[in-house]
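Engineer: Make a model of this:
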Amino acid sequence: MTARDDPAKIEQGIRIGLSAVVIALRDRKACVLTTPGDDGAAALPFGPFDPTRDRTFELALRDFVTAQTGFGLGFVEQLYTFGDLGRASPRATPGPERRREVSVGYLALTADAADVPLAEARWTPVLDIFPWEERRDGAAACLAPLVADLSAWAGGDARRQARVETLFATTGAHRWNEGRVLERYELLYEAGLVAEAARDQERPVPAGAPGRTMASDHRRILATGLGRLRSKLKYRPVLFDLMPPTFTLSELQAAAEAITGLSLHKQNFRRGVERTGLVQPTGRLSPATGGRPAELFRVLGGDLSTGETLGLPLPAQR
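Structural biologist: The predicted structure is shown next:
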């Protein structure tokens, strides 16, 4: 029996890791909790799962995120399992097992976006990592050159060009779908336009590669988490997991815009929020100075995780 056929050898070559996409709002920006990877690139909090010590994946995740960042997690849900051949964590132990690692990703949301206690951890704006996802006040400045590079990559191939047009809404026949974050990132990766593609193929990083590079495949994991969150906004009240106990409707809209990267129609958004019946006025005004004081609202009590029509409206401005 060869080493390839030996179950013990196969088992030794596989590590199970846990990755955390922790999202919060800071200064009206959607931010993700990052730590420095071994190569200096930003990394998601990541740690190995020890089956002899850890009782559950989630408890292990909570423990190492706190150990790495000093930050405690609130809401957590399992996101996806990443196991592509060749992926390696930024904290993997050198050796043959580095070539195969399965990572279970989790999405976590928090309304507590205070400075993290450990100096190496930080809140990184999500749209610094995915600048082409910014659609407020028009398309991001990086989008036109990216689309031009994608069209050059398509090279007249009809199927490739159709993917570009569909995912990046380059023609009037398609609308921008904010939930397809992962598909857009994977298209850019396939076309060799992001730094990770060059790094993984041991080629020079192209000049002007957009967005902040992340360790291993962590930008792919983050893209999965951001896409999941954007989609969930429409059918579950997850936005309130990012809000303080009381908030104005303007702050709620700003939070939705920060997550989706879209400009939302003010009056339609407010009417939609009122129709959901999820919030109620507190009878108090915001203490913010300057301008007309705005009324403070709070989320109604009870279990918001079940029921119908619990998402928030996302009426695009344009």
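
Engineer: Using the three-state scheme, assign the closest residue to L61 other than its chain neighbours.
Structural biologist: Leaving aside its chain neighbours, L61 sits nearest to L18 (4.6 Å; criterion: CB to CB, 6 or more residues apart in numbering). The way it works is simple: take the backbone N, C-alpha and C, and place the C-beta from them, glycine included. Three-state call for L18 (DSSP: H, G, I helix; E, B strand; the rest coil): strand.

Engineer: my guess is L18 contacts V102, does it?
Structural biologist: No: L18 is beyond contact range of V102, at 10.1 Å (criterion: CB atoms under 8 Å).

Engineer: Same drill for those two, tell me which one is more crowded.
Structural biologist: Shown here are L18 and V102; by other CB atoms under 10 Å, L18 has more neighbours (25 against 14).

Engineer: Can you name the residues bridging to that one?
Structural biologist: Beta-bridge partners recorded for L18 (DSSP bridges): G47, V104.

Engineer: show me what contacts it?
Structural biologist: Residues near L18 by CB atoms under 8 Å, 6 or more residues apart in numbering: F46, G47, P48, F49, F57, A60, L61, F64, S103, V104, G105, Y106.

Engineer: Same check on S231?
Structural biologist: By CB under 8 Å, 6+ apart, the residues touching S231 are G179.

Engineer: With T224 instead?
Structural biologist: Counting by CB under 8 Å, 6+ apart, T224 makes contact with V21, L79, Y80, G105, V181, L182.

Engineer: Count the neighbours of the fourth one for me.
Structural biologist: G105 has 24 neighbouring residues, counting by other CB under 10 Å.

Engineer: Go ahead and confirm it touches V22.
Structural biologist: No: if you go by CB under 8 Å, G105 and V22 don't touch, sitting 11.4 Å apart.

Engineer: all strands in the chain, in order from the N-terminus.
Structural biologist: Assigned by DSSP state E, the chain shows strands spanning 15-26, 29-36, 42-43, 46-48, 75-82, 101-109, 122-125, 279-285, 295-299.

Engineer: what about P145, distance to A255?
Structural biologist: Distance of P145 to A255, computed by CB to CB, to the nearest Å: 30 Å.

Engineer: So between those two, which is more surrounded?
Structural biologist: A255 (21 against 12).

Engineer: Scan the chain for its longest helix.
Structural biologist: Using DSSP state H to define each element, the chain has its longest helix at helix 218-232.

Engineer: Turn the strands of the chain into a markdown table, columns for distance to A139 and mean pLDDT.
Structural biologist: Listed next are those as a markdown table, based on distance: least, CB to CB, whole Å; pLDDT from 0 to 100:
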| stretch | distance to A139 | mean pLDDT |
| --- | --- | --- |
| strand 15-26 | 23 | 91 |
| strand 29-36 | 18 | 93 |
| strand 42-43 | 24 | 92 |
| strand 46-48 | 33 | 87 |
| strand 75-82 | 28 | 86 |
| strand 101-109 | 27 | 88 |
| strand 122-125 | 18 | 93 |
| strand 279-285 | 32 | 91 |
| strand 295-299 | 32 | 93 |
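
Engineer: Adding distance to P313, write those strands out as CSV.
Structural biologist: Shown next, in CSV, are these (distance: least, CB to CB, whole Å):
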stretch, distance to P313
strand 15-26, 19
strand 29-36, 19
strand 42-43, 33
strand 46-48, 35
strand 75-82, 22
strand 101-109, 19
strand 122-125, 25
strand 279-285, 13
strand 295-299, 15
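
Engineer: out of these, which comes closest to H218?
Structural biologist: H218 lies closest to strand 42-43 among the strands of the chain, at 5.5 Å (CB to CB).

Engineer: Packing partners of the closest one?
Structural biologist: Based on contacts counted as 3 or more CB pairs under 8 Å, 6 or more residues apart in numbering; DSSP states H and E, the elements that strand 42-43 packs against are strand 29-36.

Engineer: which helices and strands does the strand it packs on pack with?
Structural biologist: The helices and strands touching strand 29-36, judged by 3+ CB pairs under 8 Å, 6+ apart, are strand 15-26, strand 42-43, helix 57-69, strand 122-125, helix 126-129, helix 218-232, helix 249-260.

Engineer: now do 6 Å
Structural biologist: Strand 29-36 sits against strand 15-26, strand 122-125, helix 249-260, with contacts defined as 3 or more CB pairs under 6 Å, 6 or more residues apart in numbering; DSSP states H and E.

Engineer: Partner strands of that strand and their direction?
Structural biologist: With DSSP bridges as the test, strand 29-36 is paired with strand 15-26 (antiparallel), strand 42-43 (antiparallel), strand 122-125 (antiparallel).

Engineer: Let me have the ones you listed in CSV, extended by distance to G227.
Structural biologist: CSV is the format used below for those (distance: least, CB to CB, whole Å):
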stretch, distance to G227
strand 15-26, 11
strand 42-43, 19
strand 122-125, 17
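
Engineer: Nearest approach to A195 belongs to which of the ones you listed?
Structural biologist: Nearest to A195 among those is strand 42-43 (11.6 Å), distances taken as CB to CB.

Engineer: what residues does that closest one touch?
Structural biologist: T34, T35, G37, P90, T124, R212, M214, A215, H218 (CB atoms under 6 Å, 6 or more residues apart in numbering).
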